[in-house]
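J.: here is a sequence with its predicted model. Questions after.
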Amino acid sequence: MKGTDQQAPIIIKKGKHGHGHHGGAWKVAYADFVTAMMALFIVLWVLGQDQKVVESVAGYFKDPIGFTEKLRAISVGNSESLPIKIDSIVIKEQLREMEIQRLEKMGEALKQELKQNPEFQKLADQINIEIVNEGLRIELTESNENVFFEVGTANLKPEATRIIQQIAINLQNIPNKVIIEGHTDSRQYIHGAKGYSNFELSSERANATRRTLVNSGLEPKKIDEVRGYADTRLRDPNDPFSAVNRRTSLIIKFATESPE
């Protein structure tokens, strides 16, 4: 029969070899690499922090369970029984310091802009910029030769208006809110309606500054407060009639929470 002449089929069995994309060894190696990189970044970050942060991180790695229990106790209000108090003061201090540096740079840049502008050069020495408790204060102080408001009124001089417009440009791209303060010297206000005093005058000057800022592009919602102090916060208390007591302050408030 013809069937007896047929050869038996030859079966070739191929061995199974692992393929790179099907195996799991590379995942373990990659995970080890990522872990090592993360550890490196943590070490580099810690090296750049102050002693309080270093001690906090060290405390966690020495006793992670105890550290977690203390943190949990604080979150439910049982911090009185803890030997140490763990809070966010260090983080707040770091954020506040970063913001101070940013505001100082902005203030210095503004001062340079005003000094380099020939129109403002004669007034540059009357613009004081400094960090205070509430934020960055930009203060426009009058002198015997140059004033920012017409005498006895809340009408801004043209050069004062242009300075405030320049300040508004610098404030548009930051999230901070602004406080505006008006101050007078101790000369009693004798013009105008009965009962009108330096409190009304200082408040109206602060509001005139607010309107100029808003008309120059500053969002109204960024104005946090408008204050009129009259002569209750003299710049030169030894000479209450000095021109330096007549001033308008713009305080760019800190956006970060106080560490206190």
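T.: Thanks, I have it.

J.: which residues of the protein fall in strands?
T.: Along the chain, counting by DSSP state E, strands occupy 127-131, 135-141, 178-183, 223-228, 247-253.

J.: flag the shaky bits of the stretch 51-200 of the chain, pLDDT-wise.
T.: 51-88, 191-193 (pLDDT under 70).

J.: could you give the bridge partners of the residue lying closest to Ile100 once chain neighbours are set aside?
T.: Spatial nearest neighbour of Ile100, chain neighbours left out: Ile131 (5.9 Å); criterion: Cβ to Cβ, 6 or more residues apart in numbering. Any C-beta I mention is one placed from the backbone N, CA and C, and that applies to glycine too. Beta-bridge partners recorded for Ile131 (DSSP bridges): Leu136.

J.: give the burial count for Ile131, as a bare number.
T.: Around Ile131 sit 16 other residues, with neighbours defined as other Cβ atoms under 10 Å.

J.: Ile251 too?
T.: 22.

J.: one more: Ile167?
T.: Number of residues near Ile167 (other Cβ under 10 Å) recorded here: 23.

J.: that one against Leu250, yeah?
T.: Yes: contact status for Ile167 versus Leu250: in contact at 6.5 Å, counting by Cβ atoms under 8 Å.

J.: which residues do the two both contact?
T.: 138, 213 (Cβ atoms under 8 Å, 6 or more residues apart in numbering).

J.: contact partners for the nearest residue to Tyr196 once chain neighbours are set aside?
T.: Closest residue in space to Tyr196, ignoring its immediate chain neighbours: Tyr189 at 6.2 Å, by Cβ to Cβ, 6+ apart. Contacts for Tyr189 were tallied using Cβ under 8 Å, 6+ apart; they are 152, 196-198, 200-201.

J.: among those residues, which ones are buried?
T.: The neighbour count (16 or more other Cβ atoms under 10 Å) marks 197-198, 200-201 as buried among the contacts of Tyr189.

J.: just the closest of those residues to Pro237, please.
T.: Asn198 (15.4 Å; Cβ to Cβ).

J.: any idea how far that closest one lies from Pro118?
T.: Remark: distance between Asn198 and Pro118 (Cβ to Cβ, to the nearest Å) = 34 Å.

J.: what sits against Asn170?
T.: If you count contacts by Cβ under 8 Å, 6+ apart, Asn170 has them with 106, 109-110, 113.

J.: any of those buried? List them.
T.: Of the contacts of Asn170, these count as buried by 16+ other Cβ under 10 Å: 106, 110.

J.: pretty sure Glu99 contacts Phe254?
T.: Yes: the pair Glu99 / Phe254 is scored as a contact, 5.8 Å apart, by Cβ under 8 Å.
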